[in-house]
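> just a sequence and a predicted model for now, questions to come.
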Amino acid sequence: MLKNKIILTGLMAVVMVSGSAFAQVAQVPQVYMGATVGKGQWNDDCKNVVSCSTNSDTYKVFGGYNIDKNFAVEASYFSLGTISANSSAGGVNATSQVKGKGFELAGLYKHEFTQQLSGFAKLGIASIKAEGSGSVAGVGVSNGSTTSTQPVFGLGATYQLTKELALRGEFETRKIKFNGDKEAVNNVSIGMQYSF
């Protein structure tokens, strides 16, 4: 009889703890989506060129799922923008451009500082396509692309404006591979996130 009471008490405790855990998960909106825009800095040394631009306009659309209040998984499509270079040899001008875009899957660890402000760290993997084009004296001479799988790291923060809508700021770094070269692209962005 005593053994049955102990088992029953144990089962009730498990049910109560489980119910509390499910209630906490239910309080966290599970699905979210959003978009950001920003600036990218490509780590290109610009050797042997007259001029070059290594800053680019970037954007990203993303969707995520909150596993609980501390962990989430997120998928995104992003554009790293375009960089360009100009060179001159024997009075002939040449230009070249490289642009990057890709898909990404990442895990997020989140920490709540206040009811409105949360921070997160992100680690994931991205499939990045780099596309290059060039011209000499205004005539197109080369096009090519390279697709590679690269890690992505990020740090960011969200600030709740309403229960569903949040402002999101983020710093990310990725590697991009093109013609055998691998360069880092650092990106700072800001945007909005909506939770369902």
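Nice, I can see it.
> so Phe178 sits against Ile128, correct?
No: counting by Cβ atoms under 8 Å, Phe178 does not reach Ile128; the two are 9.6 Å apart. From N, CA and C alone the C-beta is placed, and that goes for glycine too.
> any low-confidence regions in this protein?
Low-confidence segments of the chain (pLDDT under 70): 1-28, 45, 48, 137-142.
> how about the strands in it?
31-42, 51-53, 55-66, 71-89, 92-112, 117-136, 139-160, 165-178, 181-195 (DSSP state E).
> tabulate these (CSV), appending mean neighbour count.
Formatted as CSV, those follow (neighbours: other Cβ atoms under 10 Å):
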stretch, mean neighbour count
strand 31-42, 18
strand 51-53, 14
strand 55-66, 17
strand 71-89, 18
strand 92-112, 17
strand 117-136, 17
strand 139-160, 15
strand 165-178, 19
strand 181-195, 17
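> for Arg168, give me its contacts.
When contacts are counted by Cβ atoms under 8 Å, 6 or more residues apart in numbering, Arg168 touches Gly34, Thr36, Gly156, Ala157, Thr158, Tyr159, Ile190, Gly191, Met192, Gln193.
> and the nearest residue to Lys177 once chain neighbours are set aside, bridged to which residues?
Leaving aside its sequence neighbours, Lys177 sits nearest to Ser148 (Cβ to Cβ, 6 or more residues apart in numbering; 4.1 Å). Per DSSP bridges, the residues bridged to Ser148 are Ile128.
> quick check: Ser148 touching Ile128?
Yes: when contacts are counted by Cβ under 8 Å, Ser148 is listed as touching Ile128 (5.9 Å).
> now the common contact residues for those two.
Lys175, Ile176, Lys177.
> so the residue nearest to Ala126 when sequence neighbours are not counted versus Phe78, what's the distance?
Excluding the flanking residues, the one nearest Ala126 by Cβ to Cβ, 6+ apart is Glu104, at 4.0 Å. As judged by Cβ to Cβ, to the nearest Å, Glu104 and Phe78 stand 6 Å apart.
> got it, and Phe153?
14 Å.
> with Asp68 instead?
26 Å.
> how far away is the nearest residue to Lys129 once chain neighbours are set aside from Ala126?
In space, Lys129 comes closest to Thr147 once its chain neighbours are excluded; the distance is 4.7 Å by Cβ to Cβ, 6+ apart. Applying Cβ to Cβ, the value for Thr147 to Ala126 is 11 Å.
> same question for Met33.
18 Å.
> cool, Ile83 as well?
From Ile83 across to Ala126, the span is 18 Å (Cβ to Cβ).
> for Gln41, same thing?
From Gln41 to Ala126 the distance is 17 Å (Cβ to Cβ).
> quick one, what contacts Ser84?
Cys52, Ser53, Thr95, Ser96, Gln97, Val98.
> redo that, cut-off 6 Å
With contacts defined as Cβ atoms under 6 Å, 6 or more residues apart in numbering, Ser84 is in contact with Ser53, Gln97.
> for Lys99, same thing?
Thr82, Glu131.
> can you name the residues bridging to it?
Applying DSSP bridges, one finds that Lys99 bridges with Thr82, Glu131.
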